[in-house]
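Novice: just a sequence and a predicted model for now, questions to come.
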Amino acid sequence: MHRLLEDPDLALIHALQIAPRVSWAQAGQVLGASPAALAERWARLRGSGLAWVTAHVNASRPDLIVAFVEVDCLPEARPDVVRHLCQDPRAVTVEEAARGRDLQVTVMVRDLRALTRFVLEDLPRVPGVRQTRSRLATGLHFEASRWRLDVLEPAQVRSLAAVAGQHRGEPGGTPPRDPGPLMEALAVDGRLAASDLARRTGRNAATVRRQLPRLLASGRLTFRCEVAQFDAGYPVSCNWLARVPVEEHARTVQALATLPELRLCVSTTGETNIMLTAWTRSLAHLLSLERLMGERLPWLSIVDSSVTLRVAKRMGWLLDDEGRCTGEVVVNRLEA
C-alpha cells in the first residue's frame, strides 16, 4: 500500500506546478511557511523521488515531430526492450500497457526523416520487438505541465500564477546562441539558479544571467513539476483513442480541457483523431469519467481504452516500480 503524501507536501508540489522556479521566499509568503522549511521539504521530496522539477523541449513547437508508437514485444523480451528504449533519448516516455499494445512510446524528434529512422530502421533492430504502429501528433492541446493537484486556495493560485508570469518574461524572445547546455542542465533540475547553471555548463555567471531570461522567454522550454502518481493518490492512468467529427473538433478539445483529471489531449493521424490521457483515483472513478464524457460529448466515440500498468520513463526521467524517479534522466538533445 502506497503512503500518500502529506498535505504540506501536496501544497508545495501544487505551488511548484504553477510556478516551477518560484523562490522559496516568494513561495513562503503564499504558503505561510518559512523559506528554510520549504527548501528542506523540497529536498526531502526530490531526494526520495516523490517529486521533481524538470524542463524539456516544448512539444508544441512547429519544427518538431511528436509521435506515439505502439510496440508489441516477444513476451520474454519485454523487459529488455523497455531498458533499451529507456536509454534512447528520442523515446521520451515509455509506458507498459494492460491491453492492445505491450508498450506505448512517446517519441520526440526533429523531423519526419528522424522519425522514419527510429520507427522503420532502429526500432525493428531491437531484439524482441515484434511489431510497431505509429500515430503522429497534429496538434497538442493539453499536456501534463498543465495538470494540477488542486489543493491550494484560489487566491494562492492567483499569486503563484503572477510569479510564474514574471519568471517567463515577455514571450516570443530570441533564444541565446547555443542554448543546448543550459537546456540540458535545466532538464536535470528545472530550479537551478543562474549561478548553478554557470557551474554546470562552464559558462561565465554574468553571461548565464543574461542568457537565462532570454531562454525562458523564447518558448523553447516547458517546465513541469512532476509527482509520483501513486503517492499522490492517483494510481490509475488511462489512455483513450477516440474519434470526433471534424466540425466538432474545436468544441471537443475545449470541453476536454476542463476535466481536472486530464493529463494529455492531442490530435493525431490514424483511424482515430484524438488521444487522451487521464489520472484518476480509482477504476470506479475511471468509469465515471467515461460516463461523463459520453453524456457531455455524445459525438465523441471512444474506440480504444487502455490502463497503464507501469511507466518506466516519463519525459526523460527513469522511474522505479513504485512510480518514483530514480534520479536518472536521459536528456533529449534536440538543441545539440
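Specialist: Cool, the structure landed.

Novice: and the contacts of stretch 284-301?
Specialist: Applying Cβ atoms under 8 Å, 6 or more residues apart in numbering, the contact partners of stretch 284-301 are 236, 238, 242-245, 248, 252, 255-256, 259, 261, 274, 278, 280, 302, 305, 307. No exception for glycine: its C-beta is placed from N, CA and C like everyone else's.

Novice: show me which of these are buried.
Specialist: 236, 238, 242, 244, 252, 256, 259, 261, 274, 278, 280, 302, 305 (16 or more other Cβ atoms under 10 Å).

Novice: next, format those residues as a markdown table and append pLDDT.
Specialist: Formatted as a markdown table, those follow (pLDDT from 0 to 100):
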| residue | pLDDT |
| --- | --- |
| 236 | 96 |
| 238 | 96 |
| 242 | 97 |
| 244 | 97 |
| 252 | 97 |
| 256 | 97 |
| 259 | 96 |
| 261 | 97 |
| 274 | 97 |
| 278 | 97 |
| 280 | 96 |
| 302 | 95 |
| 305 | 94 |
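
Novice: so how far is residue 210 from the one residue sitting closest to the centre of the chain?
Specialist: Within the chain, the residue whose C-alpha comes closest to the C-alpha centroid is residue 144; the distance, by Cα atoms, centre = their mean, is 4.6 Å. Distance from residue 144 to residue 210, counting by Cβ to Cβ, to the nearest Å: 31 Å.

Novice: residue ranges in this structure under the pLDDT threshold?
Specialist: Regions of the chain meeting the criterion pLDDT under 70 cover residues 1-3, 167-173, 335-336.

Novice: related to what we said a few turns ago, you'd agree the residue nearest to the centre of the chain is up against residue 265?
Specialist: No. In this structure, residue 144 sits apart from residue 265 without contact. The criterion is Cβ atoms under 8 Å, and the distance is 10.6 Å.

Novice: for the protein, what spans make up the helices?
Specialist: 7-18, 24-31, 35-47, 78-86, 112-116, 154-168, 180-188, 194-201, 205-217, 249-256, 283-296 (DSSP state H).

Novice: list the contacts for residue 145?
Specialist: Residue 145 makes contact with 17, 222-224 under the criterion Cβ under 8 Å, 6+ apart.

Novice: now do 6 Å
Specialist: Contact analysis of residue 145 by Cβ atoms under 6 Å, 6 or more residues apart in numbering lists 222, 224.

Novice: contacting residues for the closest residue to the residue nearest to the centre of the chain other than its chain neighbours?
Specialist: Nearest residue to residue 144 in three dimensions, chain neighbours excluded: residue 263, at 4.8 Å (Cβ to Cβ, 6 or more residues apart in numbering). If you count contacts by Cβ under 6 Å, 6+ apart, residue 263 has them with 144, 147, 277-279.
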